[in-house]
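**Student:** What follows is a predicted protein model with its sequence.
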Amino acid sequence: MEPHRRENQHGMINASMVDRRAHGRGLLSIICAVCVWGALVSAAPAISAFAAEAEPRAGAEPPESPPADPQTIARLIAELGHADFFVRERAQQQLEQIGYDAFDALQAAASHEDLEIAARARYLLRVLRVDLTRKGDSEDVRRLLADYDGLPVPQRRERIEKLAQLPDAKGAEAIGRLILYERSPALAKAAALALIAGDPTSPPQGDAARSLRDLLRRSPRPPAQWVQTWLGWTSDSTAALSQWIKHVETEIRLQQEGSSESSGEIVSGLLKIQFQWLKQLKKSDEAMAVAARLTELQISEPETLLDLTRWLMAQKAWKLIDDLAQRNPAPFQDQPILAYARAWAVKQLGDGARAEQLAAAALAASPGRELQPLLEHMRTAIALRQMGMFPWAEAEYRHVIGQMAGNHPLAANARFSLAEMLHDQQRDDAAAKVLEEALAAAGGKKPQAALADRSTAEIASRMHFFFACDAERQGRRELQKDHLLQGLAVDEPDIDLLIMANRFDGFTAEQRNSVAAKIKQMSDELLQDIANEPENPIYLNQYAWLAGNTSGDRAVLNAALKHSTRSLELSPNNAGYLDTLAHIYAAMGDFEKAVRHQSRAAELEPHNGLISRQLEKFKAELQRQKAAPARY
């Protein structure tokens with residue numbers, strides 16, 4: 001069946017616009033050499049790295065080996081290229097016995113100018129290749145680490161981000177292993193930053209902290225040292241900050257030298273954490289000096305520049321955004337989102353006229369009626385909505401709509417997303433009229449008609465939900481009832497309309513029974529969808545949202561809680577799914593948890609009006625509960 005939709009206040013573009021990148025696995029062959037000891041090698045097979053291709057020791061955890069000092073490891077690596085064959089073999093065997101303490105040095109030696117040293121180092125790295133999973137790992141961690149070592153860098157990075165997003169720091173120890181054994185030093189640093197940035201001022205405590213310390217204690221890798229410093233923040237924040245500043249300066253020097261082991265993104269990540277620590281210590285002037293330093297970095301990566309700009313907007317550092325734009329004029333002119341960000345900063349600084357000029361230039365930056373420039377406008381509209389620049393987002397959406405035939409999928413998606421944004425702003429009459437335009441473009445409410453991937457029945461029901469919201473806000477109950485009944489009459493009623501109808505107290509008994517039957521039918525269909533696709537977070541969330549907002553039965557609420565929790569395991573840090581979970585806890589009367597999860601949703605989407613307004617309601621109810629006399 002076509003999935004019932006709950007937009008969850010995101011208004012997302014459809015799946016056909018998602019880039020699906022394929023990846024392959026490259027194989028590294030070992031260069032073989034012939035030496036004068038060939039006769040001896042043939043008499044003693046398998047003692048040389050060149051006798052046969054070694055198979056990695058898969059499935060084993062890294063053995064605990066006696067620690068070796070860096071000087072010993074460096075000497076043994078040098079002996080891999082010794083003129084005496086037996087010295088080379090002995091050094092190789094000793095390095096294998098040392099094990100993972102030699103990992104980084106062997107990684108560097110794999111590109112040694114001495115081909116003998118390089119080949120033996122690569123052999124040892126193959127022998128030492130680690131199984132990243134452990135017996136106690138959760139199913140999600142095992143899934144994310146599966147085949148990790150064979151993935152290209154972009155896909156490995158995606159896995160790291162997903163591990164960092166797992167709830168309750170379930171991916172922390174796995175990220176620790178990647179910090180130790182990731183082949184790319186830069187990616188190992190990105191792993192450490194992903195872990196720390198999740199909560200810079202609240203590192204793990206107790207067993208979780210001890211586990212990470214024990215895992216990383218012998219590693220000389222900089223990202224391992226960063227994590228150790230972070231773990232010390234709670235016990236001695238002053239010492240941790242002092243050490244962190246040293247990490248920052250070291251990394252800045254490395255980046256300025258042009259090392260492939262660093263980047264503007266890595267330095268930026270370190271400075272952002274320093275900023276957060278200074279803010280926590282109430283050192284606001286020093287924190288803003290760090291923010292200013294961020295704008296002075298030489299950043300060549302467009303994504304890093306955009307990420308920094310978004311971060312500065314979150315800090316309300318409007319002058320620094322304008323400064324950053326002046327230092328990087330080309331990207332702030334060529335990239336519409338950056339141009340709009342500068343315009344927004346200028347507006348906050350009080351120059352409204354100049355801001356509108358900059359915004360108008362950004363809107364005109366990608367002219368033409370061809371698909372590619374219009375896709376750019378659509379992406380810009382979605383980004384502006386997420387960043388809270390709603391008037392300019394609306395202008396971008398309407399630009400797309402005005403340049404294309406009304407029944408084109410892109411124009412349809414622009415209307416759907418615009419309508420959800422207007423609903424989020426409580427402009428429900430305008431939202432409904434946008435969907436009216438969409439229905440007209442699809443030829444009206446003809447049976448079996450569709451627009452993009454939505455049936456006209458589905459669009460019509462959503463439209464009537466928006467009209468009903470507008471009528472409710474005006475106190476026009478009969479008009480609200482009329483739109484609810486019209487929305488219920490279609491074959492695919494909107495989930496949010498069903499929820500509103502369930503709490504509407506102006507229906508007859510027959511009408512209430514009809515609403516209950518439709519909720520039961522949709523719940524059953526969604527449960528069947530979950531049975532068919534148990535790993536699909538959309539179905540899990542939709543059932544949880546419907547059940548959590550229409551049922552007072554404890555068993556049903558427990559089922560909703562289970563499915564909501566699972567949706568977040570599959571799609572961590574999804575603000576809409578967190579909103580669902582908060583509503584379920586509220587339905588259960590647990591407003592402590594409702595506020596906690598809704599607060600997290602608001603952190604993830606600070607410009608989402610529906611989430612923010614609901615958070616205030618949950619907070620008010622929590623305060624009312626706390627003020628109520630205790631019951632004995």
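**Tutor:** Thanks, I have the structure now.

**Student:** and Gln298, how many neighbours?
**Tutor:** 10 (other CB atoms under 10 Å). The C-beta positions use only the backbone N, C-alpha and C, and glycine is treated the same way.

**Student:** Verify the contact between it and Gly264 for me.
**Tutor:** Yes: in this structure Gln298 lies within contact range of Gly264 using CB atoms under 8 Å: 6.4 Å.

**Student:** intersection of neighbour lists for these two?
**Tutor:** Gln255 (CB atoms under 8 Å, 6 or more residues apart in numbering).

**Student:** Give me the packing partners of the helix or strand harbouring Ala457, helices and strands only.
**Tutor:** For Ala457, the element it lies in under DSSP states H and E is helix 456-474. Counting contacts by 3 or more CB pairs under 8 Å, 6 or more residues apart in numbering; DSSP states H and E, helix 456-474 is packed against helix 409-424, helix 428-441, helix 477-488, helix 495-503.

**Student:** Run the chain-centre distance for that helix.
**Tutor:** In this view, helix 456-474 has its centroid 32 Å away from the chain centroid, taken as CA atoms, centre = their mean, to the nearest Å.

**Student:** Show me what counts as buried in it.
**Tutor:** Going by neighbour count (16 or more other CB atoms under 10 Å), the buried part of helix 456-474 is 456-472.

**Student:** wait, doesn't Met500 sit right on Phe465?
**Tutor:** Yes: taking contacts as CB under 8 Å, Met500 lies within contact range of Phe465: 6.8 Å.

**Student:** Common neighbours of those two, please.
**Tutor:** Common contact partners of Met500 and Phe465 (CB under 8 Å, 6+ apart): none.

**Student:** count of neighbours near the nearest residue to Gln425 once chain neighbours are set aside?
**Tutor:** Once flanking residues are discounted, Gln425 sits nearest to Gly609: 5.9 Å by CB to CB, 6 or more residues apart in numbering. By other CB under 10 Å, the residues close to Gly609 number 16.

**Student:** Same check on Ala108?
**Tutor:** Neighbours around Ala108, by other CB under 10 Å: 12.

**Student:** what helix or strand is it on?
**Tutor:** Going by DSSP H and E, Ala108 is in helix 103-109.

**Student:** Next, the buried residues of that helix.
**Tutor:** Quick answer for helix 103-109 (16+ other CB under 10 Å): 103-107, 109.

**Student:** Report the buried residues of the helix or strand that it is followed by.
**Tutor:** Later in the chain than helix 103-109, the nearest helix or strand by DSSP H and E is helix 115-128. Burial within helix 115-128, assessed by neighbour count using 16+ other CB under 10 Å, is assigned to 116-128.

**Student:** Please apply the same query to stretch 548-565.
**Tutor:** 548-551, 557, 559-561, 563-564.

**Student:** May I have it as PDB, with CA atoms only?
**Tutor:** Taking Å, rounded to 0.1, in the frame of the first residue of the first chain, the C-alpha atoms of stretch 548-565 are listed here in PDB:
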ATOM      1  CA  GLY A 548       0.100   7.800  20.600                       C
ATOM      2  CA  ASN A 549      -2.300  10.700  19.700                       C
ATOM      3  CA  THR A 550      -5.600   8.800  19.600                       C
ATOM      4  CA  SER A 551      -5.500   6.000  22.200                       C
ATOM      5  CA  GLY A 552      -5.600   6.000  26.000                       C
ATOM      6  CA  ASP A 553      -5.200   2.300  26.200                       C
ATOM      7  CA  ARG A 554      -2.000   1.400  28.000                       C
ATOM      8  CA  ALA A 555      -1.200  -1.600  25.800                       C
ATOM      9  CA  VAL A 556      -1.600   0.400  22.700                       C
ATOM     10  CA  LEU A 557       0.600   3.200  24.100                       C
ATOM     11  CA  ASN A 558       3.200   0.700  25.000                       C
ATOM     12  CA  ALA A 559       3.200  -0.600  21.400                       C
ATOM     13  CA  ALA A 560       3.400   3.000  20.100                       C
ATOM     14  CA  LEU A 561       6.400   3.600  22.500                       C
ATOM     15  CA  LYS A 562       8.200   0.500  21.200                       C
ATOM     16  CA  HIS A 563       7.700   1.400  17.600                       C
ATOM     17  CA  SER A 564       8.700   5.000  18.200                       C
ATOM     18  CA  THR A 565      11.900   4.000  20.000                       C
END
